[in-house]
Structure formats: C-alpha cells, structure tokens
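Student: Sharing a model that was predicted from the sequence below.
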Amino acid sequence: MMPHDAAVTIERVWVGPPRTGETELVFLHEGLGSISTWRDTPEAIAQASGCAALVYARRGYGRSSPVPLPRPLAYMHDEAAALPELLAEERVRTPILIGHSDGASIAIVAAGSGLAVTALVLIAPHVFVEDISVRSIALAAEAYRTTDLRERLAKHHADVDNAFWGWNRAWLDPGFRAWNLESFLPRIAVPVLVVQGSADEYGTLAQVDAIAAHVRGPVATFVVPGAGHSPQRTHAAEVHARIAAFVREAATTSVR
C-alpha cells in the first residue's frame, strides 16, 4: 500500500448534480488517463443518473503528484489499497465505481478486497494479461518515441513521462505476464456492468467471459459493435445511456 504523505496531491473534482448523501459515483481512469481524458463522460452519466460523481487522477497522472519509477508490478493493487483513504477524505460511502481499463481493474481489486460498494461499472477491464494487450502496449511505446503521442498526452499530464513510462514499463515487464485478478472475482457480490468494444485493441471478450463466469453478483454485459478500447468516447450516446440506466437501477435497488 502506498504510504500516506501529506505532501502528496491528488487532483479531484465533483461533477453532476449536488451531493445528497445518497448513492454517488467514483470514476477511475485508464492507464494513460486523467480527469480530462474522461471528457464529458462523468458529467453526462452523473446528470442522466441523478448521482453526483467524484473524478480524480491517481498519483503519476493529470495534476496529481508524480509517483516513483519504476512502478511495482502490483501497482494496481496498491492503488486499490489507497482508494479507501480518498473516499474517506471525500466522505463517500458505498459508491458505484466506474472504471476504465486499469481503472476497472483497480475497481475489481478494491471491491474484491472488501471495499463497500453499491455496484461496479467496468469499461474494457483487464483481469489477466493477453498477447493482444502486450502487443498494443509495445506499439504505444514506439509511438511515444516516434510520433506526436507524447505531445498529445502532455495536454493531460503535468509530468507526461512519469505517466507514460510508469504504465508502459510495468505492463511490458516479463514478470507482469503472471498478473491475474481472477481470484478477486468470486468475492464480488454486488451488481456489475461490463462494457467492452468488440474491436478493443487491448483486450478480448475473454476478459468479459471471465468476469461473467466468476463474479457472485449479477453481471450484465454490453458489447459495443466495432468499438475499440474507449467505447465511452467513440460511442458516447449509447454507452452513457446504458451506464446511466444501470446506475439508476443499482441505486434504486440499494435503498429498497
């Protein structure tokens, strides 16, 4: 677990309707994400569901403090262990976690480790490493060195090299091949929505199948035809609507 450090800054913002003390949303970004890379997704889902939403950037991302490199291969476990402290600071109880890619994996570890949550929304989650993931992440490293990818990412991160290489080198470490979250799935008893693009360049439907087969709670899946790794951007209207409907149902059921 990351040690508490008063000098560490975690960038965060609340969006959507005013807080009411009822169900709230917490957005966990992807491996190269930040608050700004979510674009209008948190606001759109918060407004459509009627739930206030906390959006934050983990250490090493956005305007949050940088993280020492290299990241440990269990960095997503560390982020899940750090999440309860952030939620306590913001007085968030039993949230609905909405995670994308690495953020979805962190949500799985957190919920599977006993964090009290109302439900999970997992967009393009990873529960084990696939060849397609490693190939695409290796291509990303080449693009970062040779194209304008670094410049584009720098719009979202105060320390873009810290953000990129912290993520990239962990995933490409040969030891990361053994990374696996399947043991956390049977410990999750809350409703889960999995959103996956059929043409995701970082993972296959095997991830969805593993979650659906092993989570103890009810699992709904939404496979977006033709979508890649970020269906909430490329197919925003339909993905936002599907997530908002799930959130409304989960929030209503939780207070019955």
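Tutor: Received, thanks.

Student: mind checking which helix or strand the residue nearest the centre of the chain is in?
Tutor: With distances taken as CA atoms, centre = their mean, the residue of the chain nearest its centroid is G103 (1.8 Å). Under DSSP states H and E, the secondary-structure element containing G103 is helix 102-112.

Student: same thing with V195?
Tutor: V195 is part of strand 192-197, with elements assigned from DSSP H and E.

Student: And the helix or strand that that strand is followed by, what does it pack against?
Tutor: Counting by DSSP H and E, the next helix or strand C-terminal to strand 192-197 is helix 205-214. Using 3 or more CB pairs under 8 Å, 6 or more residues apart in numbering; DSSP states H and E as the contact test, the elements touching helix 205-214 are strand 192-197, strand 219-224. Every C-beta, even on glycine, is put in place using the N, C-alpha and C of the backbone.

Student: quick one, the top helix by length along the chain and strand 192-197 angle?
Tutor: Longest helix of the chain, by residue count under DSSP state H: helix 236-254. Following axes from the mean of the first three to the mean of the last three CA atoms, to 10 degrees, one obtains 170 degrees for the angle between helix 236-254 and strand 192-197.

Student: what does helix 236-254 rub up against?
Tutor: With contacts defined as CB atoms under 8 Å, 6 or more residues apart in numbering, helix 236-254 is touched by 22-23, 25, 40-41, 44-45, 48-51, 94, 96, 98, 118-119, 121, 123, 190-191, 193, 195, 220, 222, 224, 231-232.

Student: List the buried residues of it.
Tutor: V239, H240, R242, I243, A244, F246, V247, A250, A251, S254 (16 or more other CB atoms under 10 Å).

Student: on that earlier part again, against which helices or strands is the helix holding G103 packed?
Tutor: strand 25-28, helix 75-89, strand 96-100, strand 119-123.

Student: doesn't G16 make contact with E43?
Tutor: Yes - between E43 and G16 there is a contact under CB atoms under 8 Å: 6.1 Å.

Student: Settle it for me: which of those two has more neighbours?
Tutor: Counting neighbours by other CB atoms under 10 Å for E43 and for G16 shows that G16 has the greater number, 21 against 15.

Student: Which residue, other than its chain neighbours, is closest to the more buried one?
Tutor: A46 (2.5 Å; CB to CB, 6 or more residues apart in numbering).

Student: Show the contacting residues for that neighbour.
Tutor: V15, G16, P17, L25, A52, A53.

Student: re the thing from before, can you show me the CA trace of the longest helix of the chain as CSV?
Tutor: Output of helix 236-254 as CSV, limited to C-alpha atoms (Å, rounded to 0.1, in the frame of the first residue of the first chain):
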residue,chain,number,x,y,z
ALA,A,236,-20.7,8.0,-26.2
ALA,A,237,-24.5,8.3,-26.5
GLU,A,238,-25.3,4.7,-26.3
VAL,A,239,-22.6,3.8,-23.7
HIS,A,240,-23.6,6.8,-21.5
ALA,A,241,-27.2,5.8,-21.7
ARG,A,242,-26.6,2.2,-20.9
ILE,A,243,-24.4,3.0,-17.9
ALA,A,244,-26.8,5.6,-16.6
ALA,A,245,-29.7,3.1,-16.7
PHE,A,246,-27.6,0.6,-14.8
VAL,A,247,-26.6,3.2,-12.2
ARG,A,248,-30.2,4.2,-11.7
GLU,A,249,-31.3,0.6,-11.2
ALA,A,250,-28.4,-0.2,-8.9
ALA,A,251,-29.0,3.0,-6.8
THR,A,252,-32.7,2.3,-6.5
THR,A,253,-32.2,-1.4,-5.5
SER,A,254,-29.6,-0.4,-2.9
